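Peer 1: Sequence and computational prediction follow.
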Amino acid sequence: MKKNKNSKDLKRFLLPGVILLGVIMLIFLLMRNGKNNPSPVANLKLGNLPVKEVKAQSYATLKTPAIKADDKMFGNPDAKVKIFVYEDISSIYSAKLADTLDKLYSEDSSQLAVVVRPFVSPNSTISKEAALALECAGDQDKWIPMRALLFAKAKNADLSSFDFEKYADQIGLDKNVFLTCLTNPVKSAKLEELNTETENYNVLGAPTIFIGDEMILGARPYEDYVDSNGDSIEGLKTLIDKKTK
């Protein structure tokens, strides 16, 4: 009897582990299948946002941004193609994407508009401070040179909250007005509101781009490329050319 009891106890102990192992293996197989077969998938959700299809970190969304009166924008709001980019001013990846977007805009500014919006990375003080600096520079119509300067610093890992006063001097801001703005709770509240809007489009990180109904995650390069799975991915140049023709 004791032997049978021990056998039953052993089975009762091992069974949950066997089931757990089976579940883990099933999840692994599903993930591998999804990774190796990045074809469009219907009825997919990205976080809380429903999307129509997905391929290679591109999502055909059911909800897309629209131009607002206070948007920061390069180009004409009536341009044929509008790119909305949510960017972290302190991020090297957002900085690299900005270079790509600048190149695209310089090549076809008549048909292209680029709308830039802030994304503040959670728990990142410098991300919030850089976004606030951009907003405050915008009050003096100097957001474009401030953005360029902050991205240049980010690419060199040289961005510091201790140097914002110096940055203001470099681009010719009224320094006192700028510094007062940085500590203005109303301005901070506006930035929080802008960042909260990212949830409406399920922007989970920066950079994130919207071109028409397509959402692209990460700093998609200018040229076409082959990813780590061996899939050919269209660069931003190809995507834009398709929409401007």
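Peer 2: Looks like it arrived, so ask away. Residues are numbered from 1 along each chain as shown.
Peer 1: residue contacts, Val85?
Peer 2: Val85 sits next to Ser94, Leu97, Ala98, Leu101, Val114, Val115, Val116, Arg117, Pro207, Thr208, Ile209, Phe210 when contact means Cβ atoms under 8 Å, 6 or more residues apart in numbering. Every residue, glycine included, has its C-beta placed from N, CA and C.
Peer 1: try 7 Å
Peer 2: For Val85, the contact set (Cβ atoms under 7 Å, 6 or more residues apart in numbering) comprises Leu97, Leu101, Val114, Val116, Pro207, Ile209.
Peer 1: can you tell me the helix or strand for the residue lying closest to the second one once chain neighbours are set aside?
Peer 2: The spatial neighbour of Leu101 that comes closest, neighbours along the chain excluded (Cβ to Cβ, 6 or more residues apart in numbering), is Val114 at 5.3 Å. Counting by DSSP states H and E, the element that carries Val114 is strand 112-118.
Peer 1: Next SSE downstream of the helix or strand where Lys82 lies?
Peer 2: In the assignment (DSSP H and E), Lys82 maps to strand 81-87. The C-terminal neighbour of strand 81-87 among helices and strands, as given by DSSP H and E, is helix 92-107.
Peer 1: And the closest residue to Ile83 other than its chain neighbours, how far from Phe151?
Peer 2: Nearest residue to Ile83, sequence neighbours excluded (Cβ to Cβ, 6+ apart): Val114, at 4.9 Å. From Val114 across to Phe151, the span is 14 Å (Cβ to Cβ, to the nearest Å).
Peer 1: And the two? Which one has more around it.
Peer 2: Shown here are Val114 and Phe151; by other Cβ atoms under 10 Å, Phe151 has more neighbours (24 against 21).
Peer 1: hang on, the more buried one packs against Ala95?
Peer 2: Yes. With contact defined as Cβ atoms under 7 Å, Phe151 and Ala95 form a contacting pair (4.0 Å).
Peer 1: which residues sit against stretch 94-103?
Peer 2: 83, 85, 87-88, 114, 151, 154-155, 206-207, 219, 221-222, 236.
Peer 1: pLDDT for these - can I get that in CSV?
Peer 2: Output for the contacts of stretch 94-103, formatted as CSV (pLDDT from 0 to 100):
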residue, pLDDT
Ile83, 97
Val85, 97
Glu87, 96
Asp88, 96
Val114, 97
Phe151, 97
Ala154, 96
Lys155, 95
Ala206, 94
Pro207, 95
Ala219, 94
Pro221, 94
Tyr222, 96
Leu236, 95
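Peer 1: What's opposite Val81 in the beta bridge?
Peer 2: For Val81, the beta-bridge partners under DSSP bridges are Leu112.
Peer 1: can you pull the contacts of it?
Peer 2: By Cβ under 7 Å, 6+ apart, the contact set of Val81 is Gln111, Leu112, Ile211, Ile240, Lys243, Thr244.
Peer 1: let's see 10 Å
Peer 2: Contact analysis of Val81 by Cβ atoms under 10 Å, 6 or more residues apart in numbering lists 75, 104, 108, 111-114, 211-212, 239-244.
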